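# Need coordinates for the following:
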Amino acid sequence: MQDIQKIDLYKKRDFGEKINATFAFLRQNFQPLGRCLLFIAGPLLLITGIISGMLPVVVQNEMEVFNLVGGGAINGFLSLIAGVLVVAVVHVYLDQYVQQADVRPIEVAEVWEGVKKIFFPFLLTSIVIGIVIVLGFMFLVIPGFILMAALSLIYIIMTRERLSFGDAFSRCFKLVGGNYLSTLFLIFVIVILQ
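Numbers count the residues shown, from 1 in each chain. Sure, this is the predicted structure:
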């Protein structure tokens, strides 16, 4: 792995080059990043999947409102935590990738240490951002999309620049600036490819 060249994540690229750099990064880091995701977020994702699979059977056989509401609430809460864990793992991994001088596999223990530090701020951020974006879509569709584009950067700003939620929130809008449409388009393309 020593002959592999490290990808410059700060390089300014056009749209096609961004997609190519994303896939190059994934090819280069598939195993170590996948291992981190598997060991840190994987167990909770498995539990959430099992609950999701069992919930319709429980509801169908029991037909109790409590089972549906209680099971759905537990599954929703665990899904939120699992999603935050996935986001935290990826952002800590990216942060450590940028900080290291050479290309070497990043260990699960290194990523876990970083995830423990940022998990609760990321959880609170996810809840607040979810509410803000929903409110943006309720008032008009366009503010929701603008908020979604701008706030897509909040986790990496909190991780890389070590900013609080409020500072990272305002920094998102400065960074995206007049590029709301291209940022939103890039998000949609990545989601579709995912």
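# Please, which helix or strand holds residue 92?
Using DSSP states H and E, residue 92 falls within helix 65-99.
# Buried residues, that helix. List them.
If you call a residue buried by 16 or more other Cβ atoms under 10 Å, then helix 65-99 has these buried ones: 71, 75, 78-79, 81-97. C-betas here are computed from N, CA, C, even on glycine.
# could you give the angle of the helix or strand just after that helix to helix 65-99?
Later in the chain than helix 65-99, the nearest helix or strand by DSSP H and E is helix 108-139. Going by axes from the mean of the first three to the mean of the last three Cα atoms, to 10 degrees, helix 108-139 is angled at 120 degrees with respect to helix 65-99.
# list the helices and strands helix 108-139 packs on?
In terms of contacts (3 or more Cβ pairs under 8 Å, 6 or more residues apart in numbering; DSSP states H and E), helix 108-139 is packed against helix 15-40, helix 65-99, helix 141-151, helix 154-160, helix 165-176.
# Output the shortest one as CSV - backbone C-alpha positions only.
In CSV, the C-alpha atoms belonging to helix 154-160 read as follows (Å, rounded to 0.1, in the frame of the first residue of the first chain):
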residue,chain,number,x,y,z
ILE,A,154,-21.8,20.8,9.2
TYR,A,155,-20.4,17.4,10.3
ILE,A,156,-17.1,17.8,8.5
ILE,A,157,-16.8,21.4,9.7
MET,A,158,-17.4,20.2,13.3
THR,A,159,-14.8,17.4,12.9
ARG,A,160,-12.1,19.2,10.9
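# Mean confidence (pLDDT) on it, please.
For helix 154-160, the mean pLDDT works out to 89.
# Go ahead and name everything in contact with it.
87-88, 91-92, 94-95, 98, 118, 121-122, 125, 129, 163-165, 168-169, 171-172, 175 (Cβ atoms under 8 Å, 6 or more residues apart in numbering).
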